[in-house]
Structures are given as C-alpha cells and as structure tokens.
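# what's the 3D shape of this:
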Amino acid sequence: RSPAHAAWLESRQLNQSFAMKTGATLTPDGLAKDTKAVEDFCGGKGYIDVSGGESLRVEQIPNVDTGTMDLEFQIDEGEKSYVEKIEIRGNLKTKDKVIRRELAISPGEVFDMVKVDISKKRLENLQYFDKVDARPEPTDPPIAGRKNLVINVEEQNTGNLTVGAGFSTVDSLVGYVEVTQGNFDLFHPPYFTGAGQKLRLFVQLGTQRQDYEINFTEPWFLNRKLILNVDLYRHELDFVSPNNIYDETRTGIRLSLDRALWSDFFIGGISYSVEDVGIALNSPFHGWMEKDSGTPPIPTAVPPNVPKTILHETGSHLFQRFGGTLAYDTRNSTRLPNHGQRTELDLELSYGDTTYYKLEAKTAWYFPGLFKGHVIELVGRGGIADGLSGGDVPFYDRYYLGGAYDLRGFKFRNVAPRESGFTGVNEPIGGDSYWFGSMEYSIPIIEKDNGLGLRVAAFYDVGSVGAQPYSFSGNF
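As a prediction, the model looks like this:
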C-alpha cells in the first residue's frame, strides 16, 4: 500500500468519525464531538499529547460567499509515545493478572489511546470496580518518547446474598435464596476472592417446582481467554404438563468451553453434559391396570388414560449430550440492549435410550425507539429435532410454544401436536420442528441508572410447531 493511499484511507476514517459532516448545522456539541474525534485519531497513533488547547486548535473561518463556516483543525503532534510499563493501583483484593489480562495494550507498544479506552471498558464490564481510570504518566527518570500507563481502580463489593419470593401463572408461588461471588478464587481460602472466577449457589422452592443449582465459571481457563463453565443442577418441575398428567425431574452436570473466535463479536462454544430425566405419572393417570368389579369380584382390564407417547417414557432416562454453539453478538448491553444483534446457531447430539439431534437458529435485533429509553426488538427462532438410527425424539425434548417466554397469549406449552389416551385427555406431546417470530416495542415507566426498572410493552408474536422434522408449512 503506497503512503498516498494510506493517507487517503486515514483521512476517510477520520471523516467518518465526525459528528458534523459537510452541510450540517454547526453546533457547540457537534464541534466538541469532532474535536474529540481528532484527539482520538491522533491518540490512536501514539500522539497522546494532542488535546484541546495549544496542541489542538480549531479555527472557524466564515465563508461569506456560501454562508457557511469552514473548520480548520491546527495540530501540533509533538513526539510519538510508546508504553514503558503498566502500573496497577488500588486493587486490594483483585490479583494483578486478572486486570492485566483484560488490557488491549502491552509495554513496548505504541501508546494507542484507542486501545487504552478499550482496556478501560473491559475492566468496567467486569463489574469488580466502582471506578476505573487509565492515564499516561511521565517515567521516572524521564525517557524520551516513553510514558507509563497507570491503571487506577476502586474495588466494589462483588459478593451478594439475595432472598426473595414471587408468583407467576406458570410457576405459581416460589421462594428462593441465591449466593453469588463475581470475583471468586477457588484456591484462596478463607476469603475465596480475587481471581476473577464466578460462583453461584441457587435454591428455589415452590408449590410447582424445586431448583438446586451450583454454577462455577473460570473466564481464563489454562491462562487463555477460554471460558470454562461447570454447572450442577437438579430441577423438579410439576408444571410442564398442561393437564397435570406427569411431573418431570432433571438432574445433571454440564461442562462447557467458550471463546471468542475471529473477533470479540464471534463466540464459539462446545459442551458436554450427563443428564438424568425422570417422568412420573400423577394420580389418577395410569397405564394398563386390573380392577375388580361385580360380585363375586371379577378382574377387569382398564386401559390407559395417558397418551402412549408419554406412557412409554415413564421412569428414568440417562443421556449424554454433546453440544456446539456459534454466535455473533454486537449488542451494546446484555441487560437492556437498544443497538446491535445476537444471532446464534446451536447443535446438540443426545445419546441414551435413543439417539437424536437438535439444531436451532436464533436471532434478535435491537433498535432505539422514537424517544429516549424506547426499545424496538425483533426476534426470530426456528429449530428441528430428529432421531438417528430409527429412533424417535422423546416428548420431553421436543419443541413446544406458548407462555410468557415465547408465544404470549397462549397457555404454557399448549401450542404443539397433541395425543389422547384411550380414555384420557388431549395432551400436547411436542413437535420435531418449530418457528417463532416476535416484534416488541417497550417504553420505560420507572427507569434506573442502568436502564432497568419497570417497562410496558406492545408485542406481536407468531409461531408454529410441526409434528415431523423439517415441517414448517403447517397451520400457525
């Protein structure tokens, strides 16, 4: 690439970062943003002394012929700076390496202020610190063209105990206790803090469910930017059958590894889990049975009042599950995004009583609404499940729609193919394919500093569940 071509690309890059383009209205706010863009452009090349004042002046030159104002940025670049060393200050609990591994800049590199800003945002996103400050300082003794990068942090409480209760039309009444430590250290008793790991203990007890979970996360497994998750769980679910025919229990352990691939926006992951699924019929539902009738008593066969798909899956079933995920995530927040999107492709292979796979694609796009705090969300999902070697997908791992988490306005899991027992009720048994779409516009009623709070939303949901794999053309 020739020097002239490189200069042209750089000038175009700078122009694209300007808030005010040619022909736009000149405003103080726009001028401040354009001045900051010039500072960032120079700082990204190591000229960190360029800032508003003597080293960066803006001349406003009136053009009486066109009735416009020309802006001329006068820059004194000074000397290019390189990073001599990086000092970490203020971390009383957090280990130095936990902070250093998040930095996008290293000693000996050009003092790139864009990378410094990226490093600062990464440390803030850890949520270990109340305040993060990153600034250059002269070396002692002074070294020409060299400056130190000083990272100042103010640590905050990262451990929480939460006790609560709630009610919903699906779960009914529940109470829960949750203990979390966001800056956990498995090998640092008795305080167990400072290594940047995460630990969560969760117990939830209710009239329709019981949940027990232990979650451990190591974000830098083997000193690489490789996220290790270990999850142990037991879920006793009494609400999954719309007609209360059966209860479902899931107990297992799940190991997963996730990492950024080509950029921070692309995320890949693999997982392995061992899970036991238990299906128990509720009274008065049953399979084939004998009942005495008449005088003298005569044994009489009573047919099942349970769909055979459910009856054949009662008892305990052990599975090994292998999973893979590829996601592209550009959201500006994981809590309440209003810019960007997340698109994800998930594949899971289950091996046990039967062998089958599930392939699911999901996408969600977020846009700002008409006024501040308003959010537009567009969602699309679809999936297929199919048995291998002649097997079938068990009903508890098929697809269902309905309820607060997808097809709102329908009862929980009520949208799916159905089956009846000989004398029983018409029960949803799930399908091997589905698609779902949603549009939602939400506005804040009570808003907190982090954007969360109480919101009201208008939405339109649409979806369909097909009985067979790759069956997307049925009624919806």
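
# any idea how far the most centrally placed residue in the chain is from A301?
What sits nearest the mean C-alpha location of the chain, by CA atoms, centre = their mean, is T334, with 5.7 Å. Distance of T334 to A301, given as CB to CB, to the nearest Å: 57 Å. C-beta here means a position set from N, CA and C on the backbone, and glycine is covered the same way.

# Same check on N148?
For N148 relative to A301 (CB to CB), the value is 87 Å.

# the more surrounded of the two?
With neighbours defined as other CB atoms under 10 Å, N148 and A301 compare such that N148 has more, 18 against 8.

# nearest residue to that one other than its sequence neighbours?
The shortest distance from N148 to any non-neighbouring residue, by CB to CB, 6 or more residues apart in numbering, is to E137 (4.8 Å).

# The one helix or strand D40 maps to packs against which elements?
For D40, the element it lies in under DSSP states H and E is helix 28-43. For helix 28-43, the elements it packs on are helix 3-17, strand 56-63, strand 68-75, helix 113-125, judged by 3 or more CB pairs under 8 Å, 6 or more residues apart in numbering; DSSP states H and E.

# Lowest average pLDDT across these?
With a mean of 69, helix 3-17 has the lowest mean pLDDT of the helices and strands packed on helix 28-43.

# per-residue pLDDT, N475?
68.

# Please read the previous query as pertaining to G451.
Reported pLDDT for G451: 59.

# likewise the one 3 residues further on?
You'll see L454 listed with a pLDDT of 91.

# cool, and the one 5 residues further on?
We have a pLDDT of 96 for F459.

# quick one: contacts of the one helix or strand it maps to?
Take DSSP H and E as the rule and F459 turns out to sit in strand 453-466. Contacts to strand 453-466, defined as CB atoms under 8 Å, 6 or more residues apart in numbering, come from residues 399-401, 406-409, 415-417, 430-447, 472-476.

# wait, Y434 sits on G382?
Yes. If you go by CB atoms under 8 Å, Y434 and G382 touch, sitting 6.6 Å apart.

# now what about stretch 26-35, what contacts it?
By CB under 8 Å, 6+ apart, stretch 26-35 touches F18, A19, M20, A24, G52, L56, V58, Q60, M69, L71, F73.

# Export those as a markdown table, with columns for distance to Y328 and neighbour count.
Output for the contacts of stretch 26-35, formatted as a markdown table (distance: CB to CB, whole Å; neighbours: other CB atoms under 10 Å):
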| residue | distance to Y328 | neighbour count |
| --- | --- | --- |
| F18 | 28 | 16 |
| A19 | 28 | 15 |
| M20 | 32 | 16 |
| A24 | 32 | 10 |
| G52 | 38 | 13 |
| L56 | 37 | 19 |
| V58 | 39 | 14 |
| Q60 | 43 | 10 |
| M69 | 42 | 11 |
| L71 | 38 | 17 |
| F73 | 36 | 16 |
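
# could these go into CSV alongside distance to M289?
Output for the contacts of stretch 26-35, formatted as CSV (distance: CB to CB, whole Å):
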residue, distance to M289
F18, 79
A19, 76
M20, 81
A24, 81
G52, 86
L56, 87
V58, 89
Q60, 92
M69, 91
L71, 88
F73, 88
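
# Out of those, flag the one nearest to N305.
Closest approach between these and N305, by CB to CB: A19, at 69.2 Å.

# For the closest one, give me its contacts.
Counting by CB under 8 Å, 6+ apart, A19 makes contact with D29, G30, K33, D34, A37.

# ok, now Q13?
By CB under 8 Å, 6+ apart, the residues touching Q13 are F41.

# Where does the prediction get shaky in the stretch 201-350 of the chain?
Within the stretch 201-350 of the chain, the segments meeting pLDDT under 70 span 294.

# The stretch 101-250 of the chain: strands as residue ranges?
Ranges of strands in the stretch 101-250 of the chain, per DSSP state E, counting those that start in this stretch, are 129-138, 146-155, 159-168, 172-184, 197-206, 209-218, 227-237, 246-260.

# Next: the stretch 251-400 of the chain.
266-281, 289-293, 298-302, 315-329, 341-351, 355-368, 375-387.

# Export these to JSON lines and append columns for distance to G194.
What follows is those, written out as JSON lines (distance: least, CB to CB, whole Å):
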{"stretch": "strand 266-281", "distance to G194": "26"}
{"stretch": "strand 289-293", "distance to G194": "61"}
{"stretch": "strand 298-302", "distance to G194": "64"}
{"stretch": "strand 315-329", "distance to G194": "28"}
{"stretch": "strand 341-351", "distance to G194": "31"}
{"stretch": "strand 355-368", "distance to G194": "35"}
{"stretch": "strand 375-387", "distance to G194": "36"}
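
# Of all those, which one is nearest S168?
Taking these one by one with CB to CB, strand 375-387 is closest: 20.8 Å.

# buried ones in the very next helix or strand once past that closest one?
Downstream of strand 375-387, the first helix or strand assigned by DSSP H and E is strand 418-420. Going by neighbour count (16 or more other CB atoms under 10 Å), the buried part of strand 418-420 is E419.

# what are the pairing partners of strand 418-420, and which direction each?
The strands beside strand 418-420 in its sheet (DSSP bridges) come out as strand 426-428 (antiparallel).

# Outside of the strand it pairs with itself, which residues are in contact with it?
241-243, 245, 306-307, 310, 400, 413-421.

# On the secondary structure side, give me the element for the closest residue to I143 other than its chain neighbours.
Ranked by CB to CB, 6+ apart and with sequence neighbours excluded, the top spatial neighbour of I143 is E84, at 6.2 Å. According to DSSP H and E, E84 maps onto strand 82-89.

# From the chain's centroid, how far away is that strand?
Mean-position distance between strand 82-89 and its chain equals 33 Å (CA atoms, centre = their mean, to the nearest Å).

# Now do it: everything it contacts.
46, 96, 99-100, 103, 105-111, 137, 139, 143, 145-153.

# Next, the buried residues of the helix or strand containing Y441.
Taking DSSP H and E as the criterion, Y441 maps to strand 433-447. Going by neighbour count (16+ other CB under 10 Å), the buried part of strand 433-447 is S433, Y434, W435, F436, G437, S438, Y441, S442, I443, P444.

# which residues touch I75?
Shown in contact with I75 (CB under 8 Å, 6+ apart): V38, C42, V50, S55, L56.

# Now for these: which two are most distant?
Spatial extent of these (CB to CB) is set by the pair V38 and S55 at 10.6 Å.

# With neighbour numbers in mind, choose between these two.
Taking neighbours as other CB under 10 Å, V38 and S55 compare with V38 leading, 19 against 16.

# Excluding chain neighbours, give the residue nearest to that one in space.
Distances taken as CB to CB, 6+ apart put F73 closest to V38, at 5.4 Å, once the chain neighbours are dropped.

# Pull up the gap between that neighbour and Q60, please.
Distance from F73 to Q60, by CB to CB: 11 Å.

# same question, P142
Remark: distance between P142 and Q60 (CB to CB) = 37 Å.

# same check, this time on R146
Taking CB to CB, one finds R146 at 36 Å from Q60.

# Could you do L201 as well?
L201 sits 61 Å away from Q60 when distances are taken as CB to CB.
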